[in-house]
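Engineer: turn this into a model:
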Amino acid sequence: MREMLLLSMRGARDIVRRQEVVMNNLANVSTDGFRREIAHIRQDSDGQVRRNTGPDLTPGSVRSTGRDLDVAVSGEGWMAIAAPDGTEAYSRRGDLRVDEFGQLMNGAGHQVLGNGGPISLPPYSQLEIGTDGTVSILPEGQTPNTLVVIDRIKLVNPAEQQLVRGEDGLFRLEGGAIADADAGVRLLSGSLEGSNVNAVESLVTMIDLARSFETQVQMMKLSKEKQEHLAQLVKLR
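Structural biologist: Down below sits the predicted model:
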């Protein structure tokens, strides 16, 4: 009975952890470029059960926006950004903007990196982002045929198994390495890639987990009742 109680407690704890993962996925169902997290349970060769989570890197659906500063990675690949801790990280979030200091940022407030570091733009009247990540502008006061190339967004395509998601939700290469730029990665201008979270599937999973949690609680109550009953029998002897 003690073993039943311990197993039920462990099961309930695992369900709570899975619920937290699914809730975080649901909270980001509308976050452009978000990759959902999946809870994994596996048994090692020594018989130990390991529980962890990992990202699902399946691409989200791409929608057309017509906005010049919106870009989506076509197929495989990532855009390099500057993480809050100053390290280089990778994202597929393409809702870009230019802040008041002329820095090219994504919708999460991360600086977009180019060949020479963060991309900074002088005052302009027109901006274009090419399929290869080239950022060109028409400087203020210039004629339409004087587009100037400012920089090129650093696009990378490391192997999926090399990528790890940090506590800040950003992807980096395992061990803190820096990915090389990949000229084969292409962008779609005027488009955005959405989250790969399936809201309906996640809600169904939450319902199933809630039912499983209730079952574990009932098992714990049953185990406790049996222990109390056994204790009463012992006292009667």
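Engineer: going forward, measure contacts and count neighbours with C-alpha atoms only.
Structural biologist: OK.
Engineer: so who does the residue sitting nearest the centre point of the chain touch?
Structural biologist: In the chain, the centroid-proximal residue (CA atoms, centre = their mean) is Arg35; its distance is 3.8 Å. With contact taken as CA atoms under 8 Å, 6 or more residues apart in numbering, Arg35 is in contact with 55-59, 195-197.
Engineer: 7 Å instead?
Structural biologist: 55-57, 195-196 (CA atoms under 7 Å, 6 or more residues apart in numbering).
Engineer: out of those, the closest to Phe101 would be?
Structural biologist: Distance to Phe101 across the contacts of Arg35 (CA to CA) is lowest for Ser195, with 29.0 Å.
Engineer: let me know the pLDDT of Met206.
Structural biologist: Met206 carries a pLDDT value of 84.
Engineer: what count of nearby residues applies to Asp68?
Structural biologist: Counted with other CA atoms under 10 Å, residues neighbouring Asp68 total 16.
Engineer: and it, how far from Tyr124?
Structural biologist: Using CA to CA, to the nearest Å, Asp68 is found at 13 Å from Tyr124.
Engineer: cool, Leu187 as well?
Structural biologist: 22 Å.
Engineer: of these two, who's got more company?
Structural biologist: For Leu187 versus Tyr124, neighbours defined as other CA under 10 Å are more numerous around Leu187 (25 against 15).
Engineer: which strands or helices does the helix or strand hosting that one pack on?
Structural biologist: Element membership of Leu187, judged by DSSP states H and E, is strand 186-189. Judged by 3 or more CA pairs under 7 Å, 6 or more residues apart in numbering; DSSP states H and E, the packing partners of strand 186-189 are strand 71-74.
Engineer: same for the helix or strand that the strand it packs on is followed by, what does it pack against?
Structural biologist: Once the chain leaves strand 71-74, the next helix or strand it forms, by DSSP H and E, is strand 78-82. Applying 3+ CA pairs under 7 Å, 6+ apart, we find strand 78-82 packed against strand 88-91, strand 111-114, strand 155-156.
Engineer: export those to CSV and tack on distance to Arg63, mean pLDDT and mean neighbour count?
Structural biologist: Below are these laid out as CSV (distance: least, CA to CA, whole Å; pLDDT from 0 to 100; neighbours: other CA atoms under 10 Å):
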stretch, distance to Arg63, mean pLDDT, mean neighbour count
strand 88-91, 17, 97, 25
strand 111-114, 21, 97, 25
strand 155-156, 20, 98, 25
